[in-house]
Each structure stands twice: as structure tokens, then as C-alpha cells.
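# sequence and predicted structure are below.
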Amino acid sequence: MTETKISLRVYPNAARNEVVGVVDGVFRVRVAAPPVRGKANRELLAFLSRALGIRKGALTIVTGHTSRNKVITVDGLSQPEVIERLLSSSGDATG
């Protein structure tokens, strides 16, 4: 099984969920949930599962549960597939 790790910088309390770009290999993701009692993390995983076209169970937060900087593993997709799908879900792929 393919497992890919991606680095994220999460911005909670956004107007909507979106990938806003990539800076130095770190995806910038806005999440429309407050960072309270894991709400932003749950919203992030739900958004990523939709953007990547995979089930939520295939995503795991490895580090950064209480931080804006997170590392997430994605089961079943290669790194190029993850990057392509996340960038195609964003309006601005340049960052």
C-alpha cells in the first residue's frame, strides 16, 4: 500500500475550505472551522478526503494536532497524485 506524507500549514476560521497554494513544499490550507476541541482538525480531514477523492480513514494526522503546522499521511495515493489533486482543487496553484 502506498503511503504519502504531506506537510500543511492550516489557517482556521476561514470563510471557506480551500487550498491556497504551496510554499517550500508546504500546502497552505484554509479551514472553515475554529481551532476548538479538534473541530478544525476534523474539518481539515473531511475537506482533504473530498479534495483527494479518498475516504477519511485513509488520512492520519501524524504531527501537529494542536499546531497550525501538520504532517498528514495519505494511504493509497502516491505523492505526485496527492500534489496534483490538491493543486487542482485550489484556485491559485502558485502560492
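Great, that's in hand. Everything quoted here is computed from the prediction, not taken from an experiment.

# for the residue nearest to Arg68 when sequence neighbours are not counted, give me its contacts.
Using CB to CB, 6 or more residues apart in numbering and skipping residues adjacent in sequence, the residue nearest Arg68 is Val10, 5.1 Å away. Where C-beta positions appear, they are placed from N, C-alpha and C, glycine not excepted. Applying CB atoms under 8 Å, 6 or more residues apart in numbering to Val10 gives the contacts Val29, Arg30, Val31, Ala40, Leu44, Arg68, Asn69, Lys70.

# buried ones among these?
Val29, Arg30, Val31, Ala40, Leu44, Lys70 (16 or more other CB atoms under 10 Å).

# mind putting these into TSV with secondary structure?
TSV is the format used below for those (DSSP: H, G, I helix; E, B strand; the rest coil):
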residue	secondary structure
Val29	strand
Arg30	strand
Val31	coil
Ala40	helix
Leu44	helix
Lys70	strand
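
# just the strands in this protein please.
Under the criterion DSSP state E, the chain contains strands at 3-11, 18-23, 26-30, 59-63, 69-75.

# quick one: pLDDT of the residue most central in space within the chain?
Centroid-nearest residue in the chain, with CA atoms, centre = their mean: Leu48, separated by 5.0 Å. Listed pLDDT for Leu48 reads 97.

# what do you get for Met1?
So Met1 comes in at 68 (pLDDT).

# relative to Lys5, which of the contacts of Val10 is nearest.
Nearest to Lys5, judged by CB to CB, of those is Lys70 at 10.5 Å.

# Ala14 against Arg28, yeah?
No - assessed by CB atoms under 8 Å, Ala14 is found out of contact with Arg28, at 10.7 Å.
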